[in-house]
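# What follows is a predicted structure for the sequence shown.
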Amino acid sequence: MVVTGIFLKLNLLRLVTLSGTKNEHEIIEVKFHKLQFPKNDNFEQIDMLKKTIVAFIKKNNVEKIAINGRARSGQRQGGADSFKIHGFLLAIIEYPIDIFFSATIRSTNTRENELKTKRPLTQDLGKAFDLAFELLPNA
């Protein structure tokens, strides 16, 4: 199974794509890991981003996508850019996107951290990896 985790932060999308299972997986397209949503809402740039993401999904036969959940109110609420990107992804992806919150990731780390041998050391890529890992099948 091929899955992609997308960590949304400000106007950035950090991507990690995994192939395999939780026990045995590989990162694919290592160099394709950072996209930027245009701050000026330029149609041409947004259309190019859409085409880039859709082409990547088709080329790699991505079956599922996960993004980080963001609080909608309160002290830890997400910024306007991440909500805009969330809506953008929902509009261009042709299947449901799974949303995982940090509590779910922490729980998985407690149970299965030893399986995450390929987790990138960069903080944002590590979070994108964790999101993708959630989608991998167990066997």
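Received the coordinates, thanks.
# Count the residues that sit near residue 3.
By other C-beta atoms under 10 Å, the residues close to residue 3 number 24. (C-beta placed from N, C-alpha, C; glycine too.)
# Relative to residue 132, how far out is it?
5 Å (C-beta to C-beta, to the nearest Å).
# Name the residues contacting each of these two.
Common neighbours of residue 3 and residue 132, using C-beta atoms under 8 Å, 6 or more residues apart in numbering, are 17-18, 66.
# Inside helices: which ones of those residues?
Here DSSP state H is the test, and the shared contacts of residue 3 and residue 132 give no hits in helices at all.
# and of the residues you listed, the nearest to residue 56?
residue 17 (8.1 Å; C-beta to C-beta).
# Excluding covalently adjacent residues, which one is nearest to that closest one?
Distance criterion C-beta to C-beta, 6 or more residues apart in numbering; nearest residue to residue 17, sequence neighbours excluded, is residue 4 at 4.5 Å.
# quick one: strands adjacent to the helix or strand hosting that neighbour?
Assigned by DSSP states H and E, residue 4 falls within strand 2-9. Using DSSP bridges, the strands paired with strand 2-9 are strand 12-20 (antiparallel), strand 64-68 (parallel).
# What is the longest helix of the protein by residue count?
helix 43-59.
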